[in-house]
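>>> The following block contains a protein sequence and its predicted model.
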Amino acid sequence: MAFQAAGHGRSDAPGVLQGLPSDLEAWDRKLDPYRSLLEHAKKDLADPEFPENALKSVGNVLFELSSGPLQEGLDVVEPVTGQSAATTSELTLSREKRQAELDRYTDILSRSPVNEVDLKTIARIGDAFIEAQVEIADLCGKAYANAESPAERRYFLAGTVAAFGDHELAQLLESGDEGGFACGNCRWQYEYLMFGQRMAYYASPVGPGESDTITASEDLVLRDYQGGAPDRADGLVLPCEEVGTDTPAGRALQLVKAHKDPENEHRLRQFKGTFLCQKCSTQVPVTKIAKHNRS
């Protein structure tokens, strides 16, 4: 998915590509992690006992854990003393590695920053890419028509839909018959699983969060998958019946119908459908979240 705004989610704004901000301040913010890493590296190397002191600290924490209420079932960990944590050569190599990291961060931060001329070049690249979307859609559509397996067909359809401009729908197609989405109203998170012609959804117990991480407390999805029926689901998605022919979803439906592909037609209608959010009690469209990691 090549489009993304500087903040959260995706953007259809001309020239805005994922990872390529359109202003100087955003480019400068990209260097903040390196500034932080540089400061930590300087602090470590300013300590003449680094990395031995750092290893001692880790070892002593482990010792405290083993001596506390969690000690049952744990091997006894002795406090780290002298060179017991590592040999002299290992410590030397570790310090040299830290110096190499500091040199790398220093080099990155010493390079010339992005300037107004660079921004114009980046904008031209973005505009040229977006202008090529018609050709990309045509290429993906041909690949879809000639795909040999259902999985290949679904992925090429996702590429076609992305080129048409519906990036959330494309991400859902890429996820396939199981994945995650969120309520567009309150951002509460869900897992979904296809059961034939039905799309079941399961509310996450953790709700919305910065990490957009799906967490299943009892793994209801797995149990329903094993049972072959959505017995533990919070509900079923109401598939979309009518889609405008001039929309990305409508164009995709015309494509799959022309190639007699009922499996992907079913997916498209489900992914453009609505569901009743268990948190805010609102009937809302399925909305793809930025990340999906089950833990």
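Done, it's in. Because the structure is predicted, anything quoted here is derived from the model rather than measured.
>>> Which element is encountered next along the chain beyond the helix or strand hosting Ser94?
If you go by DSSP states H and E, Ser94 is part of helix 88-110. Following helix 88-110 in sequence order, the next helix or strand is helix 116-131 (DSSP H and E).
>>> for that following helix, which positions count as buried?
Leu119, Ile122, Ala123, Gly126, Ile130 (16 or more other CB atoms under 10 Å). In short, each C-beta sits where N, CA and C put it, glycine included.
>>> And that helix, how far out from the chain middle?
Computed by CA atoms, centre = their mean, to the nearest Å, the chain-centroid distance of helix 116-131 equals 25 Å.
>>> ditto for stretch 145-165
20 Å.
>>> same question for that stretch, mean pLDDT?
For stretch 145-165, the mean pLDDT works out to 94.
>>> Please list the residues outside it that contact it.
Stretch 145-165 is touched from outside by 1-2, 12, 133-134, 136-137, 140-141, 143-144, 169-171, 173-174, 176, 248-249, 251-252, 255-256, 259, 261, 263-264, 267, with contacts defined as CB atoms under 8 Å, 6 or more residues apart in numbering.
>>> Against which helices or strands is the helix or strand containing Glu39 packed?
Using DSSP H and E, Glu39 maps to helix 32-46. Under the contact criterion of 3 or more CB pairs under 8 Å, 6 or more residues apart in numbering; DSSP states H and E, helix 32-46 touches helix 88-110.
>>> Which parts of the chain are helices?
Applying DSSP state H to the chain gives helices spanning 24-29, 32-46, 52-67, 88-110, 116-131, 133-146, 150-164, 167-175, 220-227, 248-258, 262-271.
>>> Give me the contact list for the first one.
Looking back up the chat, that one is helix 24-29. The contact list for helix 24-29, computed with CB under 8 Å, 6+ apart, reads Ala6, Pro21, Pro113, Val114, Asn115, Glu116, Leu119.
>>> Now it: buried residues?
Buried residues in helix 24-29, counted by 16+ other CB under 10 Å: Trp27.
>>> pLDDT-wise, which helix or strand of the chain ranks last?
Least confident element among the helices and strands of the chain, by mean pLDDT, DSSP states H and E: helix 52-67 (a mean of 59).
>>> residue ranges with poor pLDDT in the chain?
For the chain, the stretches flagged by pLDDT under 70 are 1-16, 54-93, 207-218, 289-295.
>>> which one is Ala170 nearest to, not counting chain neighbours?
Ala162 (3.7 Å; CB to CB, 6 or more residues apart in numbering).
>>> Tell me how far the one you found lies from Gly19.
Taking CB to CB, to the nearest Å as the measure, Ala162 falls 16 Å from Gly19.
>>> Neighbour count: those two, which is higher?
Shown here are Ala162 and Gly19; by other CB atoms under 10 Å, Ala162 has more neighbours (25 against 8).
>>> Roughly how far does the more buried one sit from Leu222?
Counting by CB to CB - Ala162 and Leu222 are separated by 30 Å.
>>> Over to Leu102?
The gap separating Leu102 from Leu222 is 46 Å, by CB to CB.
>>> between these two, which one's more packed in?
Between Leu102 and Leu222, Leu102 has the larger neighbour count (other CB under 10 Å), namely 18 against 15.
>>> Return the residues in contact with the nearest residue to that one once chain neighbours are set aside.
Distance criterion CB to CB, 6+ apart; nearest residue to Leu102, sequence neighbours excluded, is Ala41 at 3.9 Å. If you count contacts by CB under 8 Å, 6+ apart, Ala41 has them with Arg98, Glu101, Leu102, Tyr105.
>>> How many residues are close by the residue lying closest to Lys257 once chain neighbours are set aside?
Once flanking residues are discounted, Lys257 sits nearest to Glu265: 6.4 Å by CB to CB, 6+ apart. Number of residues near Glu265 (other CB under 10 Å) recorded here: 16.
>>> need the contact list for Glu265.
Leu253, Val256, Lys257.
>>> Next, work out how far apart it and Leu276 are.
Noted for Glu265: a distance of 24 Å to Leu276, by CB to CB.
>>> Gly176 - nearest residue in space that isn't next to it in sequence?
Gly176's closest residue in space is Arg154 (CB to CB, 6+ apart), at 6.4 Å.
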